[in-house]
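>>> Fold the following, please.
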Amino acid sequence: MRIMKPPKDYKEDLNSVIELMNNTQDLKLDIWREHVVFTGHWWIGVTLTIVPWLLWIFFRNKESSNRLLFVGFFLMIFSTFLDFIGTKSGLWFYYYDVIPFIPAFVPWDITLIPVSVMLLIEWKPQVNPFTKGLLFSGITAFAVEPLFVWIGLYQPVHWQHYYSFPIFFLLYLISHFLSKRKNFKQVSN
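All right, here's what the predicted structure looks like:
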């Protein structure tokens, strides 16, 4: 089997793009240093990254920690992937990176979404998961997203808040399903 070689100018073109990306990142770092770090918006991002995890540590059911962290990691990976696709597709963007070398959506995808779902799974476990999913997706899509737009942290471009509703609903239902799995091996001391 013969492997096709890219055109000769492929590497030159790609190197030009990489150089542009590096220059853009340098410019973004300068803007971040000058206009973002230590502003009120930046502190909101830092707070939203740390405080929910502290609340979860204190209010979680200690016996369910591993099971809930499994759900949390699923949500982190999946929501980060969706945000990456959305921002790279130009559907929305975020302002005020907490750290300029990682995406600005990290406070939402690594903290707010997983911690909210984990706490909701634990809160009143007898409540129907569809009801909780509707509650989570409704509050997130129609209250939290508009609040973040109003505050100036998030800007939808080719996206409507109601598009987020079914995505958040499915994320909650999948998370609930994963949290109820019985195939976690019990380790004895």
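
>>> Name the helix or strand for residue 72, please.
Per DSSP states H and E: residue 72 is located in helix 65-88.

>>> Mind listing what's buried along that helix?
67-68, 70-72, 74-76, 78-80, 82-83, 86-87 (16 or more other CB atoms under 10 Å). No exception for glycine: its C-beta is placed from N, CA and C like everyone else's.

>>> So what touches stretch 140-151?
By CB atoms under 8 Å, 6 or more residues apart in numbering, the surrounding residues in contact with stretch 140-151 are 41, 44, 112-113, 116, 154-156, 161-162, 164-165, 168.

>>> buried set for the lengthiest helix in the chain?
Longest helix of the chain, by residue count under DSSP state H: helix 10-35. Across helix 10-35, burial judged by 16+ other CB under 10 Å covers residue 32.

>>> quick one: average confidence on it?
In this model, helix 10-35 has an average pLDDT of 90.

>>> where do the helices sit along this structure?
All helices of the chain, identified by DSSP H, fall at 10-35, 40-59, 65-88, 106, 113-122, 129-139, 145-151, 161-179.

>>> sorry, back to before: let me have the contacts of stretch 140-151 in CSV, extended by neighbour count, pLDDT and distance to residue 30.
Formatted as CSV, those follow (neighbours: other CB atoms under 10 Å; pLDDT from 0 to 100; distance: CB to CB, whole Å):
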residue, neighbour count, pLDDT, distance to residue 30
41, 15, 93, 17
44, 17, 93, 22
112, 20, 94, 28
113, 28, 96, 30
116, 20, 95, 34
154, 21, 91, 23
155, 12, 95, 21
156, 17, 96, 27
161, 15, 95, 33
162, 10, 96, 37
164, 21, 97, 32
165, 17, 98, 38
168, 23, 97, 35
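
>>> can you tell me which residues contact the residue nearest to the spatial centre of the chain?
Centroid-nearest residue in the chain, with CA atoms, centre = their mean: residue 109, separated by 1.6 Å. Residues near residue 109 by CB under 8 Å, 6+ apart: 75-76, 79-80, 83.

>>> Closest one to residue 179 out of the residues you listed, please.
Taking CB to CB as the measure, residue 179 lies nearest residue 75 of the contacts of residue 109, at 10.8 Å.

>>> can I assume the closest one is in contact with residue 170?
No: applying CB atoms under 8 Å as the test, residue 75 and residue 170 come out as separate, 11.5 Å apart.

>>> Give me the contact list for the helix holding residue 72.
Helix 65-88 is contacted from outside by 60-61, 92-94, 103, 105-106, 108-110, 113-115, 117-118, 121-122, 159, 167, 171, 174-175, 178-179, 181, 184, using CB under 8 Å, 6+ apart.
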